[in-house]
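[1] Task: produce atomic coordinates for the following.
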Amino acid sequence: MSHEDTSALTFRYSAVTFDCPDPAELAHFYGEALGMPVAFSTDDFVLLSQDGAAGLGFNRLADYRRPTWPDPSQEKQAHIELGVDDLDAAQARLLALGAVKPEFQPDPDRWRVLLDPAGHPFCITTLV
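    A predicted model of the protein is given here:
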């Protein structure tokens with residue numbers, strides 16, 4: 001394909017992948033939280049996806065270091081935002097699945113910061 005033919009290329013968002021020490025554990029957490037099934041799995045990588053929709057991947061990283069949010073010594077690098085109807089109910093469900101609620105909450109009436117089982121910060125926010 002020549003440079004001039006690049007308009008024929010189609011790109012689409014397919015997934016975001018998080019590094020972690022245990023892909024199966026993290027996939028289980030997000031799969032339960034979001035109702036997403038495993039689309040592909042190996043010992044070192046798990047992809048959650050449904051009906052060709054964009055998914056979440058989890059990749060084993062041997063020297064994974066947990067983010068230390070809000071302490072900047074090991075930055076979060078990226079995080080996911082989950083829209084919910086009820087902050088309190090969603091928080092309770094995610095904590096029951098293994099999330100942790102850090103003490104520092106920047107704006108708990110609008111959104112909550114939680115940590116997934118691998119330490120990645122993520123937010124739940126009320127749908128507008």
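[2] make it CA atoms for all contacts and neighbour counts henceforth
    OK.
[3] any idea how far Val46 is from the spatially most central residue of the chain?
    With distances taken as Cα atoms, centre = their mean, the residue of the chain nearest its centroid is Ile80 (4.9 Å). Relative to Val46, Ile80 is positioned 17 Å away (criterion: Cα to Cα, to the nearest Å).
[4] Make sure Leu82 is indeed in a helix.
    No - secondary structure of Leu82 (DSSP: H, G, I helix; E, B strand; the rest coil): strand, not part of a helix.
[5] Looking at it now. What's its pLDDT?
    For Leu82, the model assigns a pLDDT of 92.
[6] Can you tell me the closest non-neighbouring residue to it?
    Nearest non-adjacent residue to Leu82, counting by Cα to Cα, 6 or more residues apart in numbering: Ile124, 4.7 Å away.
[7] Please apply the same query to Leu95.
    Excluding the flanking residues, the one nearest Leu95 by Cα to Cα, 6+ apart is Lys101, at 7.5 Å.
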